[in-house]
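J.: predicted model follows, preceded by the sequence.
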Amino acid sequence: MPGNSGKGPSLITAKRSRWLIEAVETAWHRLGFDVIDDEAFFQLVLARIVEPTSLSDTARMVGEIGLTPVHRNTYANALKRCATSDYRDRVATRCFDPT
């Protein structure tokens with residue numbers, strides 16, 4: 001096999017959906033969602049876009065596309081922060097900010 005120096009078949013040990021993640025990150029910033037600086041919240045949103053699944057299955061999906069998932073409890077806490085930290089109002093304000 002080319003580039004393998006005859007040491008046997010190549011083995012893929014990791015995968016990352018770089019283009020998918022970058023597309024979601026770009027949209028995230030352009031829409032102003034970056035006003036929410038919360039990695040767990042980002043992963044929850046990403047998971048819902050890629051494969052709508054349960055909260056407990058989010059870590060699996062995030063891991064499958066190549067990110068290191070946060071702990072399951074961190075996802076639950078992110079949802080609580082969503083309600084208590086006015087994520088909805090902060091994102092809506094930023095989305096409609098002309099600057």
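T.: Yep, that arrived.

J.: quick one: which helix or strand includes residue 40?
T.: Using DSSP states H and E, residue 40 maps to helix 39-50.

J.: tell me the first helix or strand C-terminal of that helix.
T.: With secondary structure assigned by DSSP H and E, helix 39-50 is succeeded by helix 58-64.

J.: who's in contact with that following helix?
T.: For helix 58-64, the surrounding residues in contact (CB atoms under 8 Å, 6 or more residues apart in numbering) are 43, 44, 46, 47, 50, 51, 53, 69, 70, 71, 72, 75. From N, CA and C alone the C-beta is placed, and that goes for glycine too.

J.: the residue most central in space within the chain and residue 55, how far apart?
T.: By CA atoms, centre = their mean, the chain has its centre lying nearest to residue 43, at 3.1 Å. Separation of residue 43 from residue 55 (CB to CB, to the nearest Å) stands at 11 Å.

J.: so what sits against both of those two?
T.: With CB under 8 Å, 6+ apart, residue 43 and residue 55 have common neighbours residue 75.

J.: pull out the buried positions in the lowest-mean-pLDDT helix or strand in the chain.
T.: Using mean pLDDT, DSSP states H and E, helix 87-95 stands out as the lowest-scoring helix or strand of the chain, at a mean of 87. Neighbour-count burial for helix 87-95, counted by 16 or more other CB atoms under 10 Å, picks out 87, 91.
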